[in-house]
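Pasted the sequence and its predicted model underneath.
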Amino acid sequence: MRLAHFVKHGLALALICVLLSSCGFHLKKASYLPQDLQTIILTADDKRSEVFELLKADLKRADVSIIDSKHAVNNVSLHLYKDTLERQTLSLFKNGQVAQYELAYGVAYRITRPGQEPVEQGFELYRNYQDDPDNALAKAKELDIILRELRQLASKRIIRELSQL
């Protein structure tokens, strides 16, 4: 009885493994940066921006050494331009007040490698945001959370794009 139970579960596990491997499923690996990006000079238009701080922390988590530009010679440089946020009205309430916005968060950066032309990259991330004038304080907090999420996604996307250069 116990042996039959063990064999049944073992066969089920083996079948699941075969099906997952045959469909092309793979666990996502961490983004590994090329060797020349293991030491980097990180600069920004606004060094106190939240996306700059998040990017610096994510680069350190990816085992990237961030060095000061004053002491660097022939190192890769990553410059983060000012991030942008735009709101577009998607819908209105019957009384004419805005009911829903589309937030467009844009980030642009430049990667400069010694002896090569600088590469400028940019992207936008979009989120819909519902506004409610009756709950202004709660909606302001929700907007802060959405913006924090967008900045985290932007930081992770920059690192992913760097790993593909």
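That came in fine, so what should we check first?

tell me how far stretch 143-160 is from the chain's mean position?
Chain-centre distance of stretch 143-160: 5 Å, with C-alpha atoms, centre = their mean, to the nearest Å.

whoops, stretch 96-110 was the one
Per C-alpha atoms, centre = their mean, the centroid offset for stretch 96-110 relative to its chain is 17 Å.

Quick check: buried residues in that stretch?
Neighbour counts over stretch 96-110 (16 or more other C-beta atoms under 10 Å) mark 99, 101, 103, 105, 106, 107, 108, 109 as buried. In this view, the C-beta of every residue, glycine as well, is placed from N, C-alpha and C.

before we move on, which element is the third one in?
Just to be clear, that refers to residue 103. Using DSSP states H and E, residue 103 sits in strand 98-112.

Are we agreed that residue 149 is in a helix?
Yes - counting by DSSP: H, G, I helix; E, B strand; the rest coil, residue 149 is part of a helix.

which strand residues sit across from the closest residue to it other than its chain neighbours in the sheet?
Computed as C-beta to C-beta, 6 or more residues apart in numbering, the closest residue to residue 149 that is not its neighbour in sequence is residue 127, at 7.8 Å. Bridge pairing for residue 127 (DSSP bridges) gives the partners residue 103.

rewinding a little: let me know the closest of the buried residues of stretch 96-110 to residue 134.
Nearest to residue 134 out of those is residue 99 (C-beta to C-beta; 11.8 Å).

where in the chain is pLDDT low?
1, 22-31, 70-72 (pLDDT under 70).

still on that earlier bit, got the contact list for the residue nearest to residue 149?
By C-beta atoms under 8 Å, 6 or more residues apart in numbering, residue 127 lies in contact with 102, 103, 105, 146, 149, 150.

check contacts around the second one.
The one in question is residue 103. 85, 86, 87, 126, 127, 128, 129, 146, 147, 150.

if you set the cut-off to 10 Å instead, what comes out?
85-88, 124-129, 143, 146-147, 150 (C-beta atoms under 10 Å, 6 or more residues apart in numbering).
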